[in-house]
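Asks: With the sequence up front, the predicted model follows.
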Amino acid sequence: MPAYLWLVPVLPVIGLILIIVSGRYRPRWSGYLAVAAIGLSFLLAFLALGELIGQGTAGTVSRVETFDWFRVGSISLQLGLIFDPLAAAMLVLVAFISLVVQIYSLGYMAGDPGYTRYFAFMCIFTAAMLGLVLAPNFLQLYIFWELVGLSSYLLIGFWYERPAAAAAAVKAFVTTRLGDLGLLTGILILYSRTGSFDFSQIAAAVRAGNLGTGLLTLAMLLVFLGAVGKSAQFPLHVWLPDAMEGPTPVSALIHAATMVAAGVYLIARTFPLFAASAAAMQVVAWIGGFTALFAATQGLVMTDIKRVLAYSTISQLGYMMLGLGAASLAAGMFHLITHAFFKALLFLAAGAVIHQLGGEQNLLAMGGLFRRMPVTALTFLCGALALAAIPPFSGFWSKDEVIAAVERSGNLALTLLALATSALTAFYIFRAWFLAFLGQPRGALPAGWGRDHAPGHGPGTHRPDAGEASPVLVAPLVILAVLAVGAGLVGSPLFGGAFAAFITGSAEVSPGLDPGLAFLSTAISLVGILLAWAYYGAGWLSAEATARAVRPVYILLVKRYYLDDLYAWLVRRVLLGLSSLLAWFDRQIIDGAVNGLAWLCYAVFGWALTRLQTGRTPSYALGFVVGVVVIVLVAIVFPPAR
Amino acid sequence: MLSAIIFLPLLGAVLVALVPSERRTMIRWLAGIFAGLPLLLGLILYEGYDVHAGGLQYVERVSWVTLPEIGVSYFVGVDGLSLPLIVLTALLTLVAILASERITERAKEYYLLLLILQTGVTGVFAAWDFFLFFLFWEVELVPMYLLIGIWGGPRREYAAIKFVIYTLAGSALMLVGILALYFYGTPHTFDMTVLARRSYAPAFASVVFWLLFAGFAVKLPVFPLHTWLPDAHVEAPTAVSVLLAGVLLKMGGYGMLRVLVGLLPEATRHWALPLAILAVVSVLYGACVSMVQRDLKAMVAYSSISHMGYVLLGVAAFTSISLSGAAIQLFTHGLITGLLFLLVGALYDRAHTRLIPEFSGIAKRQPLLAVLFTIGGLASLGLPSLAGFIAEFTVFIGSFAVLPVFTVLAAAGIVLTAGYLLWMLRRVYFGPLAPRWERLEDVRGVEVIPLVTLTALIILIGIEPSLLTDVINAGVASLTTSAAAAHPPGALGWIGLPGRPW
């Protein structure tokens, strides 16, 4: 393990401290400090990856170094570092996307009153995410899991004065925490049966048969619940679309490329445990597959460009889960990596549009932007082609591997589901592209449509003269576009499935592309693009007419299957109702009983004592005699010691 | 040295009494010094405590001239359980004094009572003679009654009398329990170290257990004996709330660990099921009721009930890890709730209201308070890297092996806690700034010192928990080994019920 590895997560912490110290006096430094700290992190991570690749097969063994954090009772709780291909790949990915997003943010956040705070939070996030990736045990994983949740909360609610942002932040934290309760319980079960938090020791204990299959399945399903929350899988996905209230670079980094993929990473990290429970794997596959389709349908009708991308993220995370559930670690991780590039690209490109339009996020208010922002339009197109899985863009290779893995696992229903989702994916992303970049400008919508806050402009002030964004925004788009096009090659059959061999550490090469399946899925995607063209490019078909024709379905999609309403009802009516009832019970019944008892004592004793105070000497004397007799009797029955 | 820690505040109280009441600054300084010296000495003790040797250290023992034959002695000492709490008491008293700048009415009596309170509470944590323990336990009552009753809010008299009657009722039962233990063996003694080595007939132990439990449960407090707490907190002035939640509740938890676990381990094990049920109900019930409170202080008060449920859970599970978790929770909750009450007080001093619905978006006007409030809230909801997580996580891993279902139910509290705290922060600090609060001011000056100190400690312990856990481990180790030595676990399962229900 490289000696400098610990610096990778620590550098952003140093950046954070420097930002806090200097922020008050030199607010403009904070952006550069963040870029510098995360840039160094990336450099070291990249070096470490190179070292690992240089070691060949010797590098594929997991290396763990730990130290005692604190002791309770007879056990010692440990933190440390793990280093293996999985960690190395993820580390480089996180540090790289974070670096690109920080550079982009220098331009995007310029002039925002919370500039310093923004970069401080971004450093917290990057440090926590890198710490999570390097976690050698469940304890450390849980700690950083919660900390990335914290930074997500802080950054969603970054523009805290806006009620929607403040509400979305709480919703995100509490919804994911519900999943975390599952994760915690799963960890507790595993710990109680194996006496360890360490991934490899637990895996060894499982191999040794220390856990029954039933209990292991339960534990892994609970761990998966944590992943469901963090990776926004059905039914805990509701927080992610609302999380778009945060600044767009945050959406790109945290809510698309990295943090939401932590759930996928968790399953990859504990893959041997999941692999030991066929039932748990089935659940992972089905939840993933269902989420992919379910979220894609909602992406069809969203008019906010960021929400289209948000549902797309949920859907793609579903694909990753599907790949893992189909027993292919390599497919799931491969799709995680390509998705990180092209989805970060899509978000940042959307951010450039939003920024140039003064905060406009509504697709219906855009149009004709290709001529004015050609680079942004073309890079967005690269991302869209990658997302739609058109060869040779990166998404094609990874998604195809997922579908091939599902097909190999013999689950026909899920294979069809995944293929159907391809059509929807291609349709919704090209709908967005056609609406935003082609046709004629449709002009501003009434005030209040715009959501994102673009510094220096009021929200929703449409600028018809908007041109290409400044180089600091455009350069990251170009870099990411290159990767969105090319990153898939490392996992493609052209390179002999090098990625799969690297990440799984096995020499056996993946079965490679299934030409028939690849052709089929590409054809399906092309149909989706064609349909989008028919509606939004050429205007052969009318979206309004279709929406009218299938009105109930359309309403159902726009209302997000009423799930948000259901949850809101559960929280407001059931939870708060029950709580109010308990509060009433507390004040009226329990406290009422206490006060009633006090009153009763007062009345009874008051009455009795009044009777006793007769004022007649004989009755006092009688009481005295009785008292003495009792004391003497007690003394006889319980003689004093000695 | 230990006696100095206990009685220096009392000396300070005497000196304060001698100062003319107009000289408020001098009184404040005197009070600060005599509350601060024990903190300094306490830290020296803490540093000097030998964690490898463990057990009882810094013992001071004097037979009372008139009372040796009935087995009473002045017997004080500290172990890993009591030492952190003694330091916490001194720290929070000093914090309370710093935070009492706005008390102008009858300031002399106020500071005098705070100092007496400190002596009483410290004495409880240091006493190893049951008679002395009870004496200190009662000493604390009077100043608290007066502090709430004189300097409290509109319903202060009701709240104060309720506090006293509740506690007195509890301590009356406790006294019966103590006397029963005293009379049970020969020679009769109040010496806790001797009492801990004795074994008791099961039926007797059970009765005594519930008598003592009643006294501690009122203090902790445990559902359904908790209703004095919200009233007392809502009425009490800020500094008194800090001490009430930060230190006085801990007497209940400490009593459970020291007396129930230490002296009556079989009975505690035997009654694990009802304890666990009460713990879970306290956690969830407290959290739910907290959620719908409109008054910030009432919200924090109910959240204390919820958090103290974890202490009871740790006691019920009775493993060395869960007991450590309970002890850690006593300390960290003292810091966190102390901070939260200070923050509510600082807000109230400026806004003159504590009603959550009246606020909106005041983070714009109070950036520092908003940051501290957020950290306090996050610590309270158990965010890793802050102190609360260490305690709760330890309780969970310690309790799960013994009481899995109850532990998971109690752990559900972390979701509810996140819900009500973040929801509160959102309504009070975030969202658009209401015009009414345009002129609201942030904290500054001396006030910031205690706030930042507590916050820094919360972060420090969250990152470097061994500062606390090494000492607590030593305490729990001696607690459980002495219990195990005198009472082999084979003695479980009498009175028909299984000893460990899960």
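Replies: Nice, thanks for sending it over.

Asks: From here on, just use CA atoms for contacts and neighbour counts.
Replies: Will do.

Asks: Look at the residue of the stretch 101-250 of chain A with the smallest separation from chain B and say how many residues are nearby.
Replies: Using C-alpha to the nearest C-alpha, the single residue of the stretch 101-250 of chain A nearest to chain B is A:E161, 4.0 Å away. A:E161 is flanked by 20 other residues according to other C-alpha atoms under 10 Å in any protein chain shown.

Asks: How about the contacts made by it?
Replies: Residues near A:E161 by C-alpha atoms under 8 Å, 6 or more residues apart in numbering or on different chains: B:361, B:430-433.

Asks: is it fair to say it lies in a helix?
Replies: No - counting by DSSP: H, G, I helix; E, B strand; the rest coil, A:E161 falls outside a helix, being coil.

Asks: How many residues are close by residue 234?
Replies: The chain I'm using is chain A. 20.

Asks: that's the wrong chain, I wanted chain B
Replies: For B:V234, using other C-alpha under 10 Å, the count is 25.

Asks: Run a quick check on it versus B:P154, I expect a contact.
Replies: No - using C-alpha atoms under 8 Å, B:V234 makes no contact with B:P154, being 9.6 Å away.

Asks: residue ranges of the helices in the stretch 101-250 of chain B, please?
Replies: Under the criterion DSSP state H, counting those that start in this stretch, the stretch 101-250 of chain B contains helices at B:107-126, B:130-139, B:141-151, B:156-184, B:192-197, B:202-219, B:228-235, B:238-243, B:249-255.

Asks: re earlier: what sits closest to the residue of the stretch 101-250 of chain A closest to chain B if chain neighbours are left out?
Replies: Excluding its sequence neighbours, the residue lying closest to A:E161 (C-alpha to C-alpha, 6 or more residues apart in numbering or on different chains) is B:G431, at 4.0 Å.

Asks: show me the contacts for whichever residue of chain B sits closest to chain A.
Replies: Chain A sits closest to B:G431 of chain B, with a gap of 4.0 Å, by C-alpha to the nearest C-alpha. Taking C-alpha under 8 Å, 6+ apart, we find B:G431 in contact with A:160-163, A:166, B:360-361.

Asks: Confirm it sits in a helix?
Replies: No - counting by three-state DSSP, one finds B:G431 to be coil, located in no helix.

Asks: Let me know the distance separating it from A:A37.
Replies: 32 Å (C-alpha to C-alpha, to the nearest Å).

Asks: returning to that earlier point: and the contacts of B:G431, which is closest to A:I589?
Replies: The closest of these to A:I589 turns out to be B:S360 (C-alpha to C-alpha; 32.8 Å).

Asks: Got the confidence number for that closest one?
Replies: Looking at B:S360, its pLDDT is 91.

Asks: Can you list phi and psi of it for me?
Replies: phi -170, psi 130 (degrees, to the nearest 10).

Asks: Spit out the contact partners of it.
Replies: B:427-434.

Asks: how much space is there between it and A:Y160?
Replies: Taken as C-alpha to C-alpha, the span from B:S360 to A:Y160 is 11 Å.

Asks: if I look at A:G528, how far off is A:S74?
Replies: 60 Å.

Asks: Comparing the two, which shows the higher neighbour count?
Replies: Comparing A:G528 with A:S74 by other C-alpha under 10 Å, the one with more neighbours is A:G528, at 25 against 9.

Asks: Just the pLDDT at the more buried one, thanks.
Replies: 94.

Asks: right, and it touches A:L419 too?
Replies: No - contact criterion C-alpha under 8 Å: A:G528 and A:L419 do not qualify, at 11.3 Å.

Asks: related to what we said a few turns ago, could you tell me which residues touch both of B:S360 and A:Y160?
Replies: B:430-432.

Asks: Reformat the residues you listed as TSV; add distance to B:F216 and pLDDT.
Replies: Output for the shared contacts of B:S360 and A:Y160, formatted as TSV (distance: C-alpha to C-alpha, whole Å; pLDDT from 0 to 100):
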residue	distance to B:F216	pLDDT
B:F430	39	93
B:G431	42	91
B:P432	45	92
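
Asks: Just put the residues you listed in CSV and tack on distance to A:L49.
Replies: CSV is the format used below for these (distance: C-alpha to C-alpha, whole Å):
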residue, distance to A:L49
B:F430, 42
B:G431, 44
B:P432, 47
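
Asks: Which of the residues in the helix or strand bottoming out on mean pLDDT in chain B are classified as buried?
Replies: The least trusted helix or strand in chain B, going by mean pLDDT, DSSP states H and E, turns out to be helix B:466-486, with a mean of 80. Within helix B:466-486, the residues scored as buried using 16 or more other C-alpha atoms under 10 Å in any protein chain shown are B:466, B:468-480, B:482-483.

Asks: can you tell me which of those are up against chain A?
Replies: Among the buried residues of helix B:466-486, the ones lying near chain A by C-alpha under 8 Å from any C-alpha of the partner chain are B:466, B:469-470, B:473, B:476-477.

Asks: For the residues you listed, give me JSON lines that also has distance to A:A110.
Replies: What follows is these, written out as JSON lines (distance: C-alpha to C-alpha, whole Å):
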{"residue": "B:S466", "distance to A:A110": "42"}
{"residue": "B:T469", "distance to A:A110": "45"}
{"residue": "B:D470", "distance to A:A110": "47"}
{"residue": "B:N473", "distance to A:A110": "51"}
{"residue": "B:V476", "distance to A:A110": "54"}
{"residue": "B:A477", "distance to A:A110": "56"}
